[in-house]
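Chemist: Model the structure of this input:
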Amino acid sequence: MHAEERHQAILRRLRERGSLRVTDFAEELGVSPVTVRRDVETLAERGLVARVHGGAVSPETRAETAGTGTGAGPSADTGPAPTVPAPRAAATERVFGMIVPAADYYYPEVIKGAREAAGSRGIRLVLGISQYSPAEEQVQARQMLADGIDGLLITPCGTADDQHWLAELPIPFTLVERRPENDISGAERAVTDHVYGARLAVRHLAEAGRRKIALLLREDSPHGPLVAEGYAGGLRAAGLTAPTAISFRIPSPSAMAERDRRIDEFIDAVTEGRVDAVLVHNDHDAIVLLQRLRSRGLTVPGDLAIVAYDDEVAALADIPLTAVAPPKHAVGAAAVDLLDRRVTDPGRPKHRLAILPELHIRDSST
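Modeler: As a prediction, this is how the structure comes out:
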């Protein structure tokens, strides 16, 4: 069982029962208690669970039991299982579901923003992880509807055909970081303006004197088309044209050999002087590119200026990478605000909010 699957199982158990014991849950999953303990620690660092003596509880359970003696603080994971019952919603308490593709890259800050915004409004937030599976999204949504939710925040995956069921939901929903291809439902959404972010990156590189600005793009990213659109617009605004090497598109990580070949081709273009700057989506690929450049004796930013897109781990590279930073926390909070207003006032005009990212300038482009 992969880590993301274990994380989802832990979150599902806490949503259903409010608590779990590490040793018992490890036996259920067929893994070691140490593995589950590390999973709990990872989720606790993201604010998705609260550690207690011997196990974990949901953040809502921890808040309800604070000071009662039933929710001890973090300690060694030994001793009796916590006996805290699953929380019961008060008659006036609202519950929002939230379904995102993952909880290990990009979305932790989105989740955190949503959780904090929900908490400030007295709304309970329950989380589901789809692992980029349209079928799993529907499974998660059906379970949440059966448990009772007042609204749904969702980052749907797949094609427009995979998402048609959203229009049939009996409750309000808000899209998070998604702009549907076949956008006829009038769904409300809170998103990052990725077109603006890419234009911002190109403008920065052009102002730094770069004239041969390329793009390395993941073909499997839902944000890829928007980044490509912003990149093209940024070049036009700067009076530049794409270098002949612009055909480089990094395929999904599942095709590692092909990705490595594409990166090597790109480095050849740098060596030949056909490229002097690049916007790379995402951080992981930007760091791989940096390492390959240095192994070939090329310098950053001397031979190539780099701007990464996402700013999850860009600052941790050997040469800290300039990066476009989507406002993930703000997007999560804004999505809750939109859904809360829709639930409170169903007749209000529909809103779509696009929040501008920022450019964090570091050593790789200066």
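
Chemist: ok, residues contacting stretch 25-40?
Modeler: With contact meaning Cβ atoms under 8 Å, 6 or more residues apart in numbering, stretch 25-40 is reached by 1, 3, 6-7, 9-10, 13, 22-23, 49, 51, 55-56, 77. Glycine gets a C-beta too; all of them are placed from N, C-alpha and C.

Chemist: Quote the end-to-end distance of that stretch.
Modeler: Using Cα to Cα, to the nearest Å, the end-to-end distance of stretch 25-40 comes to 11 Å.

Chemist: tell me how far that stretch is from the chain's mean position?
Modeler: 25 Å (Cα atoms, centre = their mean, to the nearest Å).

Chemist: swap in stretch 96-111?
Modeler: On Cα atoms, centre = their mean, the centre of stretch 96-111 falls 5 Å from the chain's centre.

Chemist: Three-state assignment for I99, please.
Modeler: Secondary structure, DSSP: H, G, I helix; E, B strand; the rest coil: I99 is strand.

Chemist: before we move on, the earlier item: could you turn the buried ones of the contacts of stretch 25-40 into a ChimeraX selection?
Modeler: Burial among the contacts of stretch 25-40 is assessed by 16 or more other Cβ atoms under 10 Å; the matching ChimeraX selection reads:
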select :6,7,9,10,13,22,23,49,51,55,56,77
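
Chemist: Next step: the contacts of stretch 25-40 restricted to strands.
Modeler: Per DSSP state E, strands hold the following members of the contacts of stretch 25-40: R51, G55, A56.

Chemist: ok, back up a step: quick check: of the contacts of stretch 25-40, which lies closest to F266?
Modeler: A3 (30.7 Å; Cβ to Cβ).

Chemist: since we're on the closest residue in space to the closest one that isn't next to it in sequence, how many residues are nearby?
Modeler: Closest residue to A3 apart from its sequence neighbours, by Cβ to Cβ, 6 or more residues apart in numbering: D39 at 6.7 Å. By other Cβ atoms under 10 Å, the residues close to D39 number 23.

Chemist: ok, now F266?
Modeler: Neighbour count of F266, defined by other Cβ under 10 Å: 24.

Chemist: list the contacts for it?
Modeler: Applying Cβ under 8 Å, 6+ apart to F266 gives the contacts A214, L216, A245, F248, V275, V278, L289.

Chemist: what ranges do the helices span in the stretch 151-300 of the chain?
Modeler: All helices of the stretch 151-300 of the chain, identified by DSSP state H, counting those that start in this stretch, fall at 194-207, 224-237, 256-271, 283-295.

Chemist: show me what contacts the nearest residue to Q131 once chain neighbours are set aside?
Modeler: Closest residue to Q131 apart from its sequence neighbours, by Cβ to Cβ, 6+ apart: E4 at 5.8 Å. For E4, the contacting residues are A102, A103, D104, I129, Q131, by Cβ under 8 Å, 6+ apart.

Chemist: Out of those, list just those in strands.
Modeler: I129.

Chemist: Top of the contacts of E4 by number of neighbours, please.
Modeler: The most crowded member of those, judged by other Cβ under 10 Å, is I129 (26 neighbours).

Chemist: That one contacts M98, correct?
Modeler: No. Judged on Cβ atoms under 8 Å, I129 makes no contact with M98 at a distance of 9.7 Å.

Chemist: Helix or strand: which one has L359?
Modeler: strand 358-360 (DSSP states H and E).
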